[in-house]
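>>> 3D, please:
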Amino acid sequence: MALLAVTGTGTEVGKTVTTAAVAALALTAGRRVAAVKLAQTGVLPHQDGDLAEVVRLAGPLGTRELARYPEPLAPATAARRAGLPGLRRDAAAAAVRELDADHDLVLIEGAGGLLARFDDTGWTLADLAADLAAPVVVVTTAGLGTLNAAALTAESLARRGARLHGVVIGSWPARPDLAMRCNLTDLPEMTGGPLIGVLPRAMAERGREAFAAAARAGLGAPLGGRFEATDFAVHWRT
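As a prediction, the model looks like this:
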């Protein structure tokens, strides 16, 4: 797997932490890793964006941010309000392919949810993933409401010809409620894809070594870790 797209069921669900976790495991395995942020919104030119957080958590890796807009809005809206051009679909694909030539793994992080638009033509991360034949990891929340959002995201991927690699719960609390525990078994059924990770809440507050250890425990074999969804679900049923 040379390309992997990371999307979410919405904002603040753990996309960047998941991207960093996958990168950390790949770096530990000796792979050449790069991360692409298609569009960073809500950040001024002199401020650190999501890619700086990925490097802080995972370690040195190649990075490329393709567009940046100051207001915290969907990329196409933020570009229009800033009087700036939106990110073109062909330019995004070309940038990813260029990094792919020199890296073993290129992680493509979207902005917000899967169908956030990047320019006024309306293209989305789902379209780019289909163009590049990049499997997609869907990061979702743990609790009530996530089944519908995750199922809609998986359906949108399938309709656009993109492949769901699996689902990751981006923030798992120390004391999950009933809905959270039930979602461990319901998410795969609702999305048609495996649960390939459950990452602990506040994982980003850990140092780099502890972060990598949490990534190894919280991500499954398809992402380079040791997480077993069945064992995890059984543990939380007891």
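>>> and the helices in this structure, which stretches?
For the chain, applying DSSP state H gives helices covering 15-28, 50-58, 75-82, 89-100, 125-132, 146-159, 178-191, 208-218, 229-237.
>>> what is the mean pLDDT for stretch 132-140?
Regarding stretch 132-140, the rounded mean pLDDT is 98.
>>> residues of that stretch that come out buried?
132, 134, 135, 136, 137, 138, 139, 140 (16 or more other C-beta atoms under 10 Å). From N, CA and C alone the C-beta is placed, and that goes for glycine too.
>>> so for stretch 19-39, what's the average pLDDT?
On average, stretch 19-39 scores 98.
>>> residue ranges with poor pLDDT in the chain?
1, 238 (pLDDT under 70).
>>> go with 90
Applying pLDDT under 90 to the chain flags residues 1, 46, 112, 237-238.
>>> just the helices of the chain: most buried one?
Mean neighbours per residue, mean count of other C-beta atoms under 10 Å, is largest over these for helix 15-28, with a mean of 26.
>>> rewinding a little: and residue 2, which of the helices of the chain is closest to it?
helix 89-100 (5.6 Å; C-beta to C-beta).
>>> distance from the closest one to the middle of the chain?
From the chain centre to the centre of helix 89-100 is a distance of 18 Å (C-alpha atoms, centre = their mean, to the nearest Å).
>>> quick one: that helix to helix 125-132, angle?
Computed by axes from the mean of the first three to the mean of the last three C-alpha atoms, to 10 degrees, the angle separating helix 89-100 from helix 125-132 equals 60 degrees.
>>> what lies in contact with helix 89-100?
With contacts defined as C-beta atoms under 8 Å, 6 or more residues apart in numbering, helix 89-100 is touched by 2-3, 34, 36, 38, 62, 64, 66, 106, 108, 118-119, 121, 123, 127-128, 131-132, 134.
>>> show the buried residues in the residues you listed.
Among the contacts of helix 89-100, the ones that count as buried (16+ other C-beta under 10 Å) are 3, 34, 36, 38, 62, 66, 106, 108, 118-119, 123, 127-128, 131-132, 134.
>>> picking up where we left off before, export the helices of the chain as JSON lines, with columns for distance to residue 201.
Below are those laid out as JSON lines (distance: least, C-beta to C-beta, whole Å):
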{"stretch": "helix 15-28", "distance to residue 201": "10"}
{"stretch": "helix 50-58", "distance to residue 201": "15"}
{"stretch": "helix 75-82", "distance to residue 201": "27"}
{"stretch": "helix 89-100", "distance to residue 201": "31"}
{"stretch": "helix 125-132", "distance to residue 201": "25"}
{"stretch": "helix 146-159", "distance to residue 201": "15"}
{"stretch": "helix 178-191", "distance to residue 201": "11"}
{"stretch": "helix 208-218", "distance to residue 201": "11"}
{"stretch": "helix 229-237", "distance to residue 201": "14"}
